[in-house]
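In: Fold the following and give me the result.
(one chain, ligands or ions: 2)
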Amino acid sequence: MYDDNPTLVGIKKEIIEEIQGQAFGDQGIETVPGTRMFYIESYGCQMNFSDSEIVASILSGYGYGATRNLEMADLVLINTCSIREKAEETVRKRLGQFNLLKNEKPHLLIGVLGCMAERLKTKFLEEEKLVDLVVGPDAYRDLPGLIATAEDGEKGINVFLSREETYADISPMRLDSNGVTGFISIMRGCDNMCSFCVVPFTRGRERSRDAFSIIAEANEMFERGYREVTLLGQNVDSYKWEKPDSGDVVNFAQLLVMVAKINPALRVRFSTSHPKDITDEVLYAMARHENICKYIHLPVQSGNSRILEMMNRTYDREWYMERIESIRRIIPDCAISSDIITGFCTETEEEHLDTLLMMEFVQYSMAYMFAYSERPGTLAARKYADDIDEEIKKRRLNEIIRLQNHLSLEHNKADIGKIFKVLIEGDSKRSADEWKGRNTQNKMVVFPKLSLELKPGDYVMVKVNKATSATLLGEIAQ
Ligand code: 5AD
Ligand code: SF4
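Out: Numbering: from 1, shown residues only. Ligands and ions are numbered 1, 2, ... in the order given. Purely as a prediction, here's the structure:
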């Protein structure tokens, strides 16, 4: 997630893409032939990308085919993000462009989905008149009905948030997939109320999905050739599902192990962990199972206890450091990444330094770094003034980025000479003569193909010869 410029440093660049939306279409997707076509563009977090796959599945059941070509579409959907102001501006601009298409194709329907739909509700229909459909994150099952309403010339809106909806029974239509790695949503919503965050308002209360439906989805993916699943939730550590027959509770560590046991050749990842909730039980499960990847995204947000308290993160600097030490003790080879917000209300220069020191302490392999952006309706917007000058925010953010670039490079340089098991995802960006894949620490590894026998989905041992801050470069080890 980025403000003006992507401030992503490091390895995993697809976690959250705000600036660059992605259209899903004919490349590598299962297109269900239909008389009508939909085009969907997604912004924001992995959860949004995962939701778009649920939407695609619902629409294909209603006779819609997917297209990547805007001009072929009868229905254009944009799955939106509200997390920072910039994200919403990007979506508004894009809606303006979609509306120009309506001049040539008057029957075209335009819909806004997700967090921004939830936040702005009827405002899109009444004031902005940019869209025909407004559908919140818990109302996707209602899409066929809302489309019918819009086809009749009425506006279709459903922004009800649910306490139960998990779309457990819907098999997502894999969009833009490499056929090797995919996401599985295990819970929805968030009960945390971090003071800067709009998510609890746009995605509602936390609820966990039926564990058996998660296992069934992972199983099906494995059968179809997938070799890595990422379990998704705003706060996966608070996953908790009660078996209806016995009343037994499945927690996150148990769910992880259940998925890991599907097959040793299926890698399991997860995102996002919360420092107050991640348990040693999860860490031991990771240590015990080779196929649970040794990588934890553990957002710190700030390295200063006073700021953490104002952020309502419910842990302090010492607590976070203790969790890091436990990770190091239980899983010595685990890579750790973070989200960092700079310039939160009242943050002093010294408190900013605490964040830099925390980054040094943890030695993050990668981080998503943001300047604080006040969001209407959040606790911070109601309680505190957004009082750090934009120039100061920018300077602090640059210091954080510069440090993280250095840390990422050092982290990667320490891998030179090591041999890693890499899951091949496809051709490297640069050349069809090279493979790209990830190691267990979620680092991108690029290496020459040489042998014709390998294919995406295969595991291969790769020796690292060179490193940049974002990629390891190597060769197949004998
Ligand atoms: N301003 C800046 N960054 C934010 N994030 C969430 N809300 C805001 C905000 N108002 C960041 C946090 C979170 C990530 C998903 O986005 O770092 O972990
Ligand atoms: Fe937002 Fe905090 Fe929930 Fe993450 S844990 S979605 S930052 S409220």
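
In: per-residue pLDDT, residue 34?
Out: pLDDT recorded at residue 34 is 51.

In: same check, this time on residue 4
Out: 27.

In: Point out the residues in the stretch 301-450 of the chain that sit beside ligand 1.
Out: Taking CB under 6 Å from any ligand atom as the criterion, the stretch 301-450 of the chain approaches ligand 1 at residues 301, 339, 341, 370, 372, 373, 375. Just so you know, the C-beta spots here come from the backbone N, C-alpha and C atoms, and that holds for glycine as well.

In: what lines up beside the one helix or strand the fourth one maps to in the sheet?
Out: The secondary structure element spanning residue 370 is strand 366-371 (assigned by DSSP states H and E). Strand 366-371 has the following sheet partners, assigned by DSSP bridges: strand 8-9 (antiparallel), strand 335-342 (parallel).

In: of those, which approaches residue 85 most closely?
Out: strand 335-342 (13.7 Å; CB to CB).

In: model confidence over the closest one, on average?
Out: For strand 335-342, mean pLDDT rounds to 98.

In: what residues does the helix or strand following that strand touch?
Out: Heading C-terminal from strand 335-342, the first helix or strand you meet, by DSSP H and E, is helix 349-362. Outside helix 349-362, the residues within contact range by CB atoms under 8 Å, 6 or more residues apart in numbering are 300, 302-304, 306-307, 317, 320-321, 324, 336, 338, 340, 342, 367, 396, 399-400, 403-404, 407.

In: okay, the angle between helix 349-362 and strand 335-342?
Out: 170 degrees (axes from the mean of the first three to the mean of the last three CA atoms, to 10 degrees).

In: List the buried residues for helix 349-362?
Out: 351, 352, 354, 355, 356, 358, 359, 362 (16 or more other CB atoms under 10 Å).

In: Spell out the secondary structure type for residue 147.
Out: Under the three-state scheme (DSSP: H, G, I helix; E, B strand; the rest coil), residue 147 adopts helix.

In: no wait, residue 393
Out: Secondary structure state of residue 393, per three-state DSSP, is helix.

In: From ligand 2, how far out is it?
Out: Distance of residue 393 to ligand 2, computed by CB to the nearest ligand atom, to the nearest Å: 18 Å.

In: That residue touches residue 345, doesn't it?
Out: No. Contact criterion CB atoms under 8 Å: residue 393 and residue 345 do not qualify, at 11.1 Å.

In: intersection of neighbour lists for the two?
Out: Contacts common to residue 393 and residue 345, judged by CB under 8 Å, 6+ apart, are residue 372.

In: what about residue 414, neighbour count?
Out: 13 (other CB atoms under 10 Å).

In: Now find how far off-centre stretch 105-118 is within its chain.
Out: 22 Å (CA atoms, centre = their mean, to the nearest Å).

In: so where does residue 328 fall, helix or strand?
Out: helix 317-330.

In: Would you mind pulling up the elements that that helix packs against?
Out: Counting contacts by 3 or more CB pairs under 8 Å, 6 or more residues apart in numbering; DSSP states H and E, helix 317-330 is packed against helix 280-288, helix 305-310, helix 349-362.

In: Assign residue 216 to helix, strand or coil.
Out: When classified by three-state DSSP, residue 216 comes out as helix.

In: Let me see the confidence value for it.
Out: 97.

In: Which one of the strands paired with strand 366-371 lies nearest to residue 164?
Out: strand 335-342 (28.7 Å).

In: List the buried residues for the closest one?
Out: Buried, per 16+ other CB under 10 Å, within strand 335-342: 335, 336, 337, 338, 339, 340, 341, 342.

In: wait, which of those is closest to residue 311?
Out: Using CB to CB, the buried residues of strand 335-342 come closest to residue 311 at residue 341, 7.7 Å.

In: What residues are bridge-paired with the closest one?
Out: Assigned bridge partners for residue 341, using DSSP bridges, are residue 370.

In: nearest spatial neighbour of residue 461, skipping sequence neighbours?
Out: residue 477 (4.3 Å; CB to CB, 6 or more residues apart in numbering).

In: Tell me the pLDDT of that neighbour.
Out: For residue 477, the model assigns a pLDDT of 95.

In: Need the phi and psi values for it.
Out: Torsion angles at residue 477 (phi, psi; degrees, to the nearest 10) stand at phi -80, psi 140.

In: can you check residue 191 too?
Out: Note on residue 191: backbone dihedrals following degrees, to the nearest 10 are phi -100, psi 10.

In: give the contact list for it.
Out: Residue 191 touches 200, 205, 206, 235, 238, counting by CB under 8 Å, 6+ apart.

In: So what's the residue count around the residue nearest to residue 461?
Out: Quick note: residue 477 (other CB under 10 Å) scores 15 neighbours.

In: can you tell me which residues contact whichever residue of the chain sits closest to ligand 1?
Out: Going by CB to the nearest ligand atom, ligand 1 is nearest to residue 339 of the chain, at 3.3 Å. Counting by CB under 8 Å, 6+ apart, residue 339 touches 1, 297, 299, 300, 301, 367, 368, 369, 370.
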